[in-house]
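K.L.:
Provided below for reference: sequence and predicted model.
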Amino acid sequence: MNFPLKPGMLLGTATAATQIEGGDQNNSWYDWYRRGYIKDNASPETATEHLKRWREDLELMSGMGIQCCRFSVEWGRVEPEDGVFDEQAIARCREEIQAMAEQGIKPLLTLHHFSNPMWLEEKGAFAVRDNITYFLRYVHKMVESLGDLVSEYITINEPNVYAFNGYLDGSWPPGKRNPLDLARVLTNLTAAHIEAYGLIRKTRLKMGYSDTKVGFANHLRSFSPKDPKNPLHRFWASRAEELFQGNLTRAMCTGHTAFPIGRHPSIVPGRYCDFHGINYYTRSTVSGPANGAAEGVPVNSLGWEIYPQGIVEVCRKAYQLLPRPIYITENGTCGADAFRARYIAEHLEALCGSGLPVERYYHRGFCDCWEWTEGTSARFGLVHVEYPSQRRTVKPSGEFYRQVIAQGGVSEELYRQYCGVSYPTAREDAV
Ligand code: BGC
């Protein structure tokens, strides 16, 4: 393997406030932890203590040559009570973003990444149409407060994962299992995104900035029939893809709705993203209503298939729907670090050879951190975090990533040095 990165492409890392910051009890995920739903009982109130250690983390990041950083604001921290904003918490965000800029790291700010303030959760969060106004009030406040420092925004992270896990599967807060709620949440998230898209651009324009870019981070999977010759497998694969991501992508990017997205006055045909934010991890193999990894394929420690070609398939579909630059807003793997460098190299190679306008690659993640219901048991970082000491150590994959950035690509020598490791396979590691 030997390839250069695309000209102008920036390489960075992605994270979310709840997963790293620590020190907050006022959100739906702390509540989920308190109720005992985190696998290893690790608390998001600790996470990786980023709030205390952000200067150390930034120094490490800058030492690795990271060029861009995707991060989020903890809504419940900046708006602890309905309509009451904490100016000190906002000032702290500003300080960190300013320090990032001083290191030459370009910020991409996510406004909603899975967690809600408790006061909003208690009002029914996005299952209630009227609650969209609370989101817009918060978005407006953040853009007014940070808009001079940040030109690029993600409105909502993975609306499909948030909605399916929280309202159909019940494994995430608020733990509902109701298809009607699922449809309501998907519809309201679509409307919230479309309205926030216009609001962010308008707010920054009023501040004198015309370089705003807004998108959402879309969790996209590749879907394949288990047996491509079996019409039933093919039927379920295409159904699963449409239900989980296809219809939502179309609605959020272009305002065209189809089941399970319902009608809403704000969802009208239009163009609602300046880039495609794509979170890509895996492929689902489908033979019926349920899906998973096929036997014998390479997998990570959560049983997710490692399928680099899939990243190009999903980007191509998004680009065909709406020709916009592509930002890979998350891509990464968990388990042993030994195969992470190979994983990165293969996904980057697929992207760089694709002919698509891929402008960013945000590796997920920088440090190992708090992974929602997995707690700290799944390690996705380029940097190892030892718990409870919180000591950070750059992993070999982190050193590999530093060199890819420094060299502007993957050379044969670099590949040989870091990537000659085989992946675990589904049979050995099946979940
Ligand atoms: C989420 C990230 C998370 C990753 C791995 C994605 O669905 O957006 O926050 O770290 O999965 O668990």
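P.N.:
Nice, thanks for sending it over.
K.L.:
from here on, contacts and neighbour counts on C-alpha atoms
P.N.:
Will do.
K.L.:
any idea of the mean pLDDT for stretch 261-268?
P.N.:
The average pLDDT for stretch 261-268 rounds to 96.
K.L.:
for that stretch, the distance to its chain's centre please.
P.N.:
Chain-centre distance of stretch 261-268: 24 Å, with C-alpha atoms, centre = their mean, to the nearest Å.
K.L.:
got any ranges where this structure has weak pLDDT?
P.N.:
427-431 (pLDDT under 70).
K.L.:
show me where it has strands.
P.N.:
For the chain, the strands defined by DSSP state E occupy 3-4, 10-14, 68-72, 106-112, 152-157, 213-225, 276-286, 291-292, 326-331, 358-363, 383-386, 391-394, 409-410.
K.L.:
residues contacting the last one, please?
P.N.:
Just to be clear, that refers to strand 409-410. With contact meaning C-alpha atoms under 8 Å, 6 or more residues apart in numbering, strand 409-410 is reached by 1-5, 345, 404.
K.L.:
for the fifth one, same thing?
P.N.:
Outside of strand 152-157, the residues within contact range by C-alpha under 8 Å, 6+ apart are 107-114, 189, 193, 196-197, 212-219, 277.
K.L.:
in stretch 205-219, which residues are buried?
P.N.:
Across stretch 205-219, burial judged by 16 or more other C-alpha atoms under 10 Å covers 212-219.
K.L.:
could you pick out the longest helix of the chain?
P.N.:
For the chain, the helix with the greatest residue count under DSSP state H is helix 179-206.
K.L.:
tell me how far Glu81 lies from Ala91.
P.N.:
Look at Glu81 and Ala91: by C-alpha to C-alpha, to the nearest Å, they are 17 Å apart.
K.L.:
and if you look at Val312?
P.N.:
From Val312 to Ala91 the distance is 39 Å (C-alpha to C-alpha).
K.L.:
for these two, indicate the residue with more neighbours.
P.N.:
A direct count of neighbours by other C-alpha atoms under 10 Å for Val312 and Ala91 places Val312 higher, at 21 against 14.
K.L.:
please look at the more buried one and Ser354 and confirm they touch.
P.N.:
Yes: with contact defined as C-alpha atoms under 8 Å, Val312 reaches Ser354; the gap is 6.6 Å.
K.L.:
the residue lying closest to Arg204 once chain neighbours are set aside: neighbour count?
P.N.:
Using C-alpha to C-alpha, 6 or more residues apart in numbering and skipping residues adjacent in sequence, the residue nearest Arg204 is Gly147, 6.2 Å away. Neighbourhood size, Gly147 [other C-alpha under 10 Å]: 23.
K.L.:
thought Gly147 was touching Lys202?
P.N.:
No: at 11.1 Å, Gly147 does not count as touching Lys202 under the criterion of C-alpha under 8 Å.
K.L.:
check contacts around Leu199.
P.N.:
Contacts of Leu199 by C-alpha under 8 Å, 6+ apart are 136, 140.
K.L.:
check the offset of the longest helix of the chain from the chain's centre.
P.N.:
Worked out by C-alpha atoms, centre = their mean, helix 179-206 lies 17 Å from the chain centre.
K.L.:
for it, buried residues please.
P.N.:
Applying 16+ other C-alpha under 10 Å to helix 179-206 flags 181-197, 199-204 as buried.
K.L.:
tell me how many other residues crowd the nearest residue in space to Lys123 that is not next to it in sequence.
P.N.:
Nearest residue to Lys123 in three dimensions, chain neighbours excluded: Asn131, at 7.7 Å (C-alpha to C-alpha, 6+ apart). A count of nearby residues for Asn131, using other C-alpha under 10 Å, gives 17.
K.L.:
can you verify my assumption that Asn131 contacts Ala125?
P.N.:
Yes: under the criterion of C-alpha under 8 Å, Asn131 makes contact with Ala125 at 6.3 Å.
K.L.:
if we can go back for a sec, which of the contacts of strand 409-410 count as buried?
P.N.:
Buried members of the contacts of strand 409-410, scored by 16+ other C-alpha under 10 Å, are 5, 345, 404.
K.L.:
once you drop chain neighbours, what's closest to Tyr37?
P.N.:
Thr373 (6.6 Å).
K.L.:
having no further points to raise, I will conclude here.
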